[in-house]
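1. Fold the following for me, if possible:
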Amino acid sequence: MSASEAVTETVILHVKEGINAADATSEAGSKFIELAKVMKRQDGSGAQYWGHMVEVPTVFVWNIDWESMSHVHKFIASSDYAPFLALVKEIFDVEQGQLMLFTNWTSSAAASFKSKVTEIALLTLPEGYGETEKKIIEDALVSVNHNVQVVGKATGAAIGFVVGVKPAKNKSTPEGQVIALHGVYGYDSIDDHIRWKEQPEHAKAIESLGYVVEKTGLGGAKVAGLDMFHVHFQEGP
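-> The predicted structure is shown next:
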């Protein structure tokens, strides 16, 4: 991937005890808004979406669109970065660890992030995977993403390939695998997602993924012990 291609930065963090970082009326929430404003004024930054994980509310997910990785590196080298990190540590329990990834989407993910609830799945591939594996995955997921919207009533569906992960070795990833695929699917409710999983087309989608697993070694990354999770995202300033 070129350093000039657009990416979405996703940061997954644990909040400190008793904190709701998505509540702008709280002290912690107002501090988080300050963080979002710092991001907003950076050259090359775009839309932001954040929220707590539904299944594990102490986990917080923050997405930032960037025009390129070059713009990310420029922010890290800026005078804004050190005070930004200091404020992060006031809200988030960084000692519990964090997961940061950068995704190059194959189509726009905005509709998924703007939906009432978003399903998120991170998937792995063997270290050293290449264009052959990526093409197999993309070809298989064209029909899956079509059906999840037409039959499953998803309000958004997008996949992207992960072009960077920090830390590269993390508890989410099985040995010999790297986080490689990022899927985001929007719904009007979690119940709508559950209903989609009960449809025969969903069973066919799982069969298609079985072929992909066989051909590419595709696997699952766990976040907070879960194969997938949901977030009610808010859109940033």
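2. Which pLDDT does the model give Ser108?
-> Ser108 carries a pLDDT score of 95 in this model.
3. same thing with Ser115?
-> With respect to pLDDT, Ser115 scores 97.
4. same thing with Ser4?
-> pLDDT, read off for Ser4, is 63.
5. Please report the separation between the first and final residues of stretch 36-44.
-> End-to-end distance for stretch 36-44: 14 Å, by CA to CA, to the nearest Å.
6. I meant to write stretch 83-100 there.
-> Termini of stretch 83-100 sit 19 Å apart (CA to CA).
7. which residues sit against it?
-> Here stretch 83-100 makes contact (CB atoms under 8 Å, 6 or more residues apart in numbering) with 9-17, 19, 21, 28, 31-32, 34-35, 38, 60, 165-167, 170-172, 223. For the C-beta atoms, the positions are set from N, CA and C on the backbone; glycine is no exception.
8. In that stretch, which residues are buried?
-> Within stretch 83-100, the residues that count as buried by 16 or more other CB atoms under 10 Å are Phe84, Val88, Ile91, Phe92, Gln98, Leu99.
9. quick revisit: quick one: buried ones out of the contacts of stretch 83-100?
-> Among the contacts of stretch 83-100, the ones that count as buried (16+ other CB under 10 Å) are 9-16, 19, 21, 28, 32, 35, 38, 60, 165, 170, 172, 223.
10. Looking at those residues, which are in strands?
-> Using DSSP state E, the members of these that fall within strands are Glu9, Thr10, Val11, Ile12, Leu13, His14, Phe60, Val165.
11. what bridges to the third one?
-> Val11 forms beta bridges with Trp62, Met100, as assigned by DSSP bridges.
12. i'd like the first residue to be 834 from this point on
-> Shifting the count to begin at 834 puts that one at Val844.
13. In contact with it, which residues are there?
-> Going by CB under 8 Å, 6+ apart, the list of residues near Val844 reads Val894, Trp895, Asn896, Ile897, Gln931, Leu932, Met933.
14. Format those as CSV; extra columns: pLDDT and distance to Gly1069.
-> Formatted as CSV, these follow (pLDDT from 0 to 100; distance: CB to CB, whole Å):
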residue, pLDDT, distance to Gly1069
Val894, 97, 13
Trp895, 98, 9
Asn896, 98, 9
Ile897, 98, 8
Gln931, 87, 19
Leu932, 93, 20
Met933, 95, 17
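15. Contacts for the helix ranked longest in the chain, please.
-> In the chain, assigned by DSSP state H, the helix with the most residues is helix 964-983. Helix 964-983 has contacts (CB under 8 Å, 6+ apart) with 939, 958, 987-992, 994, 1014, 1018, 1029, 1034-1035, 1037-1038, 1041-1042, 1044-1045, 1048-1051.
16. Any of these buried? List them.
-> Buried subset of the contacts of helix 964-983 (neighbour count, 16+ other CB under 10 Å): 939, 958, 987-992, 994, 1014, 1018, 1029, 1034-1035, 1038, 1041-1042, 1045, 1049-1051.
17. Spell out, range by range, the strands that occur in the protein.
-> Going by DSSP E, the chain shows strands at 840-847, 878-885, 892-899, 931-938, 950-959, 989-999, 1010-1020, 1052-1053, 1061-1064, 1067-1068.
18. export these to a markdown table and tack on distance to Ile969?
-> A markdown table is the format used below for these (distance: least, CB to CB, whole Å):
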| stretch | distance to Ile969 |
| --- | --- |
| strand 840-847 | 23 |
| strand 878-885 | 29 |
| strand 892-899 | 27 |
| strand 931-938 | 17 |
| strand 950-959 | 10 |
| strand 989-999 | 12 |
| strand 1010-1020 | 11 |
| strand 1052-1053 | 14 |
| strand 1061-1064 | 21 |
| strand 1067-1068 | 34 |
